[in-house]
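J.: Kindly return the folded structure for what I paste below:
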Amino acid sequence: MSTPIDQIHEPARVVEAVLMVATEPVPVSVLAGLVGRTPEETQEICESVAASLAQTERGFVMVEVAGGWRFQSHPDLAPFIERFVLEGQGARLSAAALETLAIIAYKQPISRAQVAAIRGVNVDGVIRTLEGRDYIVEVGRDPGPGQAVLFGTTPAFLEKLGLASVADLPPVAEFVPDASVVEQLEEGLRPHVDLGPSSSAESAEAPPSSDPDVDAGPTSERRDFG
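T.: Numbers count the residues shown, from 1 in each chain. Okay, the predicted model is just below:
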């Protein structure tokens, strides 16, 4: 008769070892089966390990993202990780791909045509790229005419951003300027025409033309440019 695993090693150490070799977040239900505890007890174990790591100020932390637990680099070391990952890499997402991904993340489920309408350009190539990176996936069909394919984000997207769910995305309002800023922008785009008193007076005092060939404004304009 074999000895239960939770009597051989402490459950916390088992959780650490599993997450160390896991390539994606591990659900609590899976960890509970490994350590022989209930999901509730296993969740407490994971939270305890995460708190312990946070207190030691190591270079990595244990976090709950995309429906499971994983190890990841400490947030305050992000500049160094970015330099390591991105320096010399040619596979970064383009600005168009990032914009499209943001639209899908906030508006999902959304169709290809709806994304194109928001961006004002064809998005077929970008959609294929995002699907190939496993950031978006087909999540259903529009019940309307044509039954267009609807897209949504994937667990891989949540994992990359370190989010537990799309509800953790920052509010769109944080990126939208308030009414006063919009009004200033519109004011700057309006053409300004000087119709002051001096201009009106000069127009009123201008004598009529003595040239018999000039009958009206349009003819005068043709003569000036002729």
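J.: C-alpha from now on. contacts and neighbour counts both.
T.: OK.
J.: ok, which stretches of this structure are strands?
T.: 60-65, 68-73, 110-111, 136-141, 149-153 (DSSP state E).
J.: Of all these, which one is nearest residue 35?
T.: With Cα to Cα as the criterion, residue 35 lies closest to strand 68-73 of the strands of the chain, at 14.6 Å.
J.: angle of that closest one against strand 60-65?
T.: Interaxial angle, strand 68-73 versus strand 60-65 (axes from the mean of the first three to the mean of the last three Cα atoms, to 10 degrees): 150 degrees.
J.: Offset the numbering so it begins at 526, please.
T.: Fine by me, first position is 526 from now on; the one you just mentioned is strand 593-598.
J.: by contact count, what packs against strand 593-598?
T.: helix 536-546, strand 585-590 (3 or more Cα pairs under 8 Å, 6 or more residues apart in numbering; DSSP states H and E).
J.: okay, the angle between the first one and strand 585-590?
T.: Angle between the axes of helix 536-546 and strand 585-590 is 90 degrees (criterion: the same axes, to 10 degrees).
J.: For helix 536-546, name the packing helices and strands.
T.: Under the contact criterion of 3+ Cα pairs under 8 Å, 6+ apart, helix 536-546 touches helix 553-560, helix 564-581, strand 593-598.
J.: rerun at 10 Å
T.: helix 530-533, helix 553-560, helix 564-581, strand 593-598 (3 or more Cα pairs under 10 Å, 6 or more residues apart in numbering; DSSP states H and E).
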